[in-house]
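Enquirer: sequence unavailable; structure follows:
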């Protein structure tokens, strides 16, 4: 039993560490090979952040930062040129969503259409919490010595000869 | 009583969501450009590079198709015969947008397989395609006579797609305009 707890804890720890690593690892933009990095550090940071926010529509589970699809390359170029041209992040995102829809954004905008999406986790948590609380409080109403269900199926007495 | 129904009810609702999701193609992304004026463009033509093709050439007062294709695209090869048939029947003019392609290969393709296009614009660096929200060829836009995008089909056109998706919409557009 205790071994199982230890193994589970180790696995969870590994998972957390791994996930943390994934997040913290500096992104090496292998895919922007052909382009020299933006000189202005602010612009560069904006570029690096934006290309992680935009979904590659060819290979839908990758941001355009990681994708080698020709379309992703074109979109990176587009974003880069717009940053250099002085567009704000908002303008760039509007440009892309006007053409490809909200689906290009990994973080969908908060609008009546996406309320369910944004609120569902909270609602589920509240609902689950409510059920949990109901179950607990209904148990609490019962006296502690309510052992009927155990006595229905009694374990063999310990003094039974084997 | 309701507490015994709640769980199965939840389950059935969830199942309905999953069932619907199961039969939807996640690679189809609806275009926000439907019923919007088509984005402007002016690009050199494939057959006569010294001439250009612009959006104004497409807004002829009649519905037209704009087919996004490339020689590296397998689906384009699949639908090409169908496009040639449509062009031959004279049902609707088809314009082409040759997307990120090799010029020589594109010319050879049309020579070998037939040229269904009134004219083909060459989008070598893919900028116009981005403006049109293209993410995978073949894509075929249906424009009305005023140059407004009325419909977009993603994927190859076959007989079924043509009869179900295009013909009724084209007929509807023609009715509205006459």
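Expert: That came through, no problem. What you see is a predicted model; the values in this text were computed from it and never measured.
Enquirer: check which helix or strand the residue positioned nearest the centre of chain B maps to.
Expert: Nearest residue to the geometric centre of chain B (Cα atoms, centre = their mean): residue B:140, 1.3 Å. Secondary-structure assignment from DSSP states H and E places residue B:140 in strand B:139-143.
Enquirer: against which helices or strands is that strand packed?
Expert: Taking 3 or more Cβ pairs under 8 Å, 6 or more residues apart in numbering or on different chains; DSSP states H and E as the contact definition, the neighbouring helices and strands of strand B:139-143 are strand B:64-69, strand B:149-154, helix B:167-177. Every residue, glycine included, has its C-beta placed from N, CA and C.
Enquirer: distance between the first one and the chain's centre?
Expert: Right, strand B:64-69. Here strand B:64-69 shows a centroid-to-chain-centroid distance of 6 Å under the convention Cα atoms, centre = their mean, to the nearest Å.
Enquirer: what about it, near chain A?
Expert: No: Strand B:64-69 is not in contact with chain A by Cβ under 8 Å from any Cβ of the partner chain; minimum separation 11.7 Å.
Enquirer: mind listing what residue B:31 touches?
Expert: Under the criterion of Cβ atoms under 8 Å, 6 or more residues apart in numbering or on different chains, the contact partners of residue B:31 comprise A:100-101, B:133, B:149, B:152.
Enquirer: am I right that it is in a strand?
Expert: No: looking at residue B:31 with DSSP: H, G, I helix; E, B strand; the rest coil, it is coil, so not inside a strand.
Enquirer: where's it relative to residue B:38, distance?
Expert: 11 Å (Cβ to Cβ, to the nearest Å).
Enquirer: who's in contact with residue B:76?
Expert: Here residue B:76 is in contact with B:69-70, B:137-138, B:156 (Cβ under 8 Å, 6+ apart).
Enquirer: and residue B:101, by the same measure?
Expert: Applying Cβ under 8 Å, 6+ apart, we find residue B:101 in contact with B:70-72, B:122, B:124.
Enquirer: now intersect those residues with the strands, please.
Expert: Those of the contacts of residue B:101 mapping onto strands are residue B:122, per DSSP state E.
Enquirer: what's the PyMOL syntax to select whichever of the contacts of residue B:101 are buried?
Expert: One line in PyMOL is enough to select the buried ones among the contacts of residue B:101; burial here means 16 or more other Cβ atoms under 10 Å in any protein chain shown:
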select buried, chain B and resi 70+71+122
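Enquirer: farthest pair in the contacts of residue B:101?
Expert: Using Cβ to Cβ, the pair of the contacts of residue B:101 lying farthest apart is B:72 and B:122, separated by 14.4 Å.
Enquirer: point out where chain A drops to low pLDDT.
Expert: Applying pLDDT under 70 to chain A flags the ranges A:1-3, A:7, A:11-35, A:143-162.
Enquirer: pull up the residues of it that are close to chain B.
Expert: A:57-58, A:60, A:70-71, A:74-75, A:78, A:97-101, A:103.
Enquirer: partner strands of the strand holding residue B:140, with direction?
Expert: Pairing partners of strand B:139-143, with direction, according to DSSP bridges: strand B:64-69 (antiparallel), strand B:149-154 (antiparallel).
Enquirer: residues in contact with the last one?
Expert: The set of residues external to strand B:149-154 that reach it, using Cβ under 8 Å, 6+ apart, is B:27-29, B:31, B:33-38, B:63, B:136, B:138-144, B:161, B:165-166, B:169, B:173.
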